[in-house]
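# structure of the sequence below:
(one chain, ligands or ions: 1)
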Amino acid sequence: MKFALGLSLVTAAGLVMGSGLPAAAAGDPAAGANVFQKCRVCHQIGPGAQNAVGPVLNGVVGRHSGIYPGYSYSDANKKSGIVWTVDVLQKYLKSPQSVVHGTKMMFPGLQKQSDIDNVIAYLQTFDAKGNPVKPGAAPAAAAPAAK
Ligand code: HEC
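Sure, this is the predicted structure:
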């Protein structure tokens with residue numbers, strides 16, 4: 001019974017992923033919210049987020065580095081020319097200093113690949129204004145009509 005239930009969950013997950021966008025590393029945003037506790041010491045996200053030790057991270061996935069208004073970035077970050085795509089974030093969150101030499105983000109990096117995937121999924125749940133984005137939904141896509 002337990003086995004059958006587990007199997008059907010795996011199948012269901014497979015179907016959901018299969019129907020979505022081309023598979024990016026599929027993190028779990030809810031687990032990512034926990035991982036984000038490590039970031040929260042320095043970063044705010046969500047409605048009303050303010051710059052702190054680090055810049056606001058609303059809408060950071062896909063954003064160019066060093067452009068959040070009112071935040072005083074290091075030259076290293078500003079001149080990096082980086083766009084924070086999922087791929088770049090994967091490397092940066094593992095080892096910030098090796099992607100942006102001389103960054104003032106004093107964070108050693110996340111060790112576990114699942115933590116990295118999950119926290120990126122969490123970052124993607126906020127749009128540039130800090131409003132919630134439905135996980136997996138394209139930004140402009142309307143919610144499916146409930147029939
Ligand atoms: C100890 C404080 C600290 C912690 C912890 C921290 N950061 Fe940062 N972060 C910073 C600072 C400071 C910057 C600005 C870097 C610069 O200007 O060189 C930054 C920059 C960034 C940027 C680039 C933003 C931009 O607009 O260019 C991203 C993305 C980021 N952090 C994500 C994270 C995530 C995700 C976590 C948690 C896994 C995290 N940070 C943890 C301090 C921190």
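
# which bits of the protein sit near the ligand?
The interface of the chain toward the ligand, taken as Cβ under 6 Å from any ligand atom, is made up of 38-39, 41-43, 53-55, 57, 60, 65-66, 68, 73-74, 76-77, 84, 93, 103-107, 110, 119. To be clear about C-beta, it is placed using only N, CA and C from the backbone, and glycine gets the same treatment.

# any chance of a PyMOL selection covering the buried ones in those residues?
Filtering the residues of the chain next to the ligand down to the buried ones (16 or more other Cβ atoms under 10 Å) takes a single PyMOL command:
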select buried, resi 39+43+54+55+57+60+65+66+68+73+76+77+84+93+103+105+107+110+119
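
# in which helix or strand does the residue sitting nearest the centre point of the chain reside?
To find the centre residue of the chain, average its C-alpha atoms and take the closest one (Cα atoms, centre = their mean): that gives residue 120, at 2.3 Å. Of the helices and strands defined by DSSP states H and E, residue 120 is found in helix 113-123.

# for that helix, give me every contacting residue.
Helix 113-123 is touched from outside by 25-36, 39, 45, 57, 60-61, 86, 89-90, 93-94, 110, 135, with contacts defined as Cβ atoms under 8 Å, 6 or more residues apart in numbering.

# buried stuff in it?
Under the neighbour-count criterion of 16+ other Cβ under 10 Å, helix 113-123 has 115-123 buried.

# quick one, helices of this structure?
According to DSSP state H, the chain carries its helices in the segments 2-19, 29-35, 37-40, 75-78, 86-94, 96-99, 113-123.

# start and end of stretch 75-85, how far apart?
In stretch 75-85, first residue to last residue: 20 Å (Cα to Cα, to the nearest Å).

# equivalent analysis for stretch 118-130, please.
18 Å.

# now that stretch: mean pLDDT?
Mean pLDDT, taken over the full extent of stretch 118-130, equals 97.

# ok, stretch 92-112 next?
The predicted model gives stretch 92-112 an average pLDDT of 98.

# any weak-confidence spans in this protein?
Applying pLDDT under 70 to the predicted model, the residue ranges of the chain that meet it are 1-25, 134-147.

# hmm, try it at 90
Using pLDDT under 90 as the threshold, the predicted model of the chain has low-confidence ranges 1-26, 134-147.
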